[in-house]
Structure formats: structure tokens, C-alpha cells
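In: model this:
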Amino acid sequence: MSSYYTPLRKSSKWYKKVAVEILLGTCVVNSLVIFNDAREPNRKWDMLRFREELIKKLVLSSNPVPTPDETPVRVPPNAALRVQGRQQLKHCLTKRDGLAHSSRKRCRSCYEGLVDEHGTKEARKKAKRVNTYCATCPDEPSMCLQCFNKVHK
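Out: Prediction:
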């Protein structure tokens, strides 16, 4: 009975189709049976009408889309935060935009430590590559979490 009005499309993976058909299709059919049992025998609904009314109720009961003036303003990641009247800036570790692979850079603190120990050739190979940086430091240096915590105690 649920196969008469199937919501499945060719673009879905087969396991998603099976899950949708079994879970949602069975739920809708069972709901229709219970709904029709509660109604008078001569006023039963068919599957198409029941699905259409169900969709209307679900769409209307969902939360409305916020209007542009209700949408929260996004603070840019490199905006400096003032700490209660003092002129100190709050340091924060921020993730770089873009693909993780292309936005990764060497952690500056790890790299400098490895240069002192092993030289630049080894430091280039061994330094951590991260996609996070301190947004309030000058030059926005790339840093891993451990180095960020060490530098900004």
C-alpha cells in the first residue's frame, strides 16, 4: 500500500531508499489505518489525500524562516574582543576558511623549536601542519592547540 505514492528518487543510494520506504512508508500506512479506524466508516480517506494533508500539516507546523532583520549578525573571526575596560585583547584560536588540505600551514611555534634543534630541512618535514591560527596576534600565526596554550598562558 505504501508503494502507490512513493517519495523515492533514482538519485538516492539504495540503502537510503530502503530506510525511507520501510520506516516512513510503514509509519504513514499505519497512521492512515489508525486514522480511518477512528473515523466514521463512510468517511474514510484514501492514501493520497492522507499524505497530502500530512505534508501540509508538517510544513505549516515547522518553525518559520527568520526574516533578514531577525538573523543574528556574525562577528568576523579576527575581530578583537576587549576585556572589561582594559586594553588587552583576548586571544582566540580560529579555524581557517576553505578546504582543510589547502588551508593548512606549519605551526609557527613547533617550526621554530624544530629549527633550533634540527635545522630548517628537518623542521619543514616534522612541524605540525594545522588549519588554526591566533586571530588577534600580529601576522595571525598558525598554531596548534598545545603551542597556543603555551604562548598565551
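In: buried residues in the helix ranked longest in the chain?
Out: When the chain is scanned for its longest helix (criterion: DSSP state H), the result is helix 47-61. Across helix 47-61, burial judged by 16 or more other Cβ atoms under 10 Å covers 50-51. All C-beta atoms are positioned from the backbone trio N, CA, C, and that covers glycine.
In: going forward can the numbers begin at 36, since that is how I track them
Out: Yes, from this point I'll number from 36; that puts the last item at helix 82-96.
In: what packs against that helix?
Out: When contacts are defined as 3 or more Cβ pairs under 8 Å, 6 or more residues apart in numbering; DSSP states H and E, helix 82-96 packs onto helix 61-73.
In: only the buried residues of the helix it packs on, if you could.
Out: With burial defined by 16+ other Cβ under 10 Å, the residues of helix 61-73 counted as buried are 63-64, 67.
In: report the angle between it and helix 82-96.
Out: Angle, helix 61-73 to helix 82-96, by axes from the mean of the first three to the mean of the last three Cα atoms, to 10 degrees: 100 degrees.
In: residue with max distance from the center of this protein?
Out: Most distant from the centre of the chain: Asn77, at 48.7 Å, with distances by Cα atoms, centre = their mean.
In: give the helix, strand or coil label for that one.
Out: helix (DSSP: H, G, I helix; E, B strand; the rest coil).
In: could you find the closest non-adjacent residue to Val186?
Out: Closest residue to Val186 apart from its sequence neighbours, by Cβ to Cβ, 6 or more residues apart in numbering: Ser144 at 6.2 Å.
In: now the strands for this protein?
Out: Counting by DSSP state E, the chain has strands at residues 117-118, 121-124, 128-130, 140-141, 164-165, 167-169.
In: can you list the low-confidence ranges for this structure?
Out: By pLDDT under 70, the low-scoring segments of the chain are 36-47, 98-124.
In: domains of it?
Out: Annotated domains of the chain cover 49-96, 117-186 [automatic domain parsing].
In: of the ones you listed, flag the one that's most buried.
Out: Of the domains of the chain, the one with the most neighbours on average (mean count of other Cβ atoms under 10 Å) is domain 117-186, at a mean of 15.
In: for that one, the distance to its chain's centre please.
Out: Here domain 117-186 is found 24 Å from its chain centre; the criterion is Cα atoms, centre = their mean, to the nearest Å.
In: and if you look at stretch 65-79?
Out: Taking the mean of its C-alpha atoms, stretch 65-79 sits 41 Å from the chain's own mean (Cα atoms, centre = their mean).
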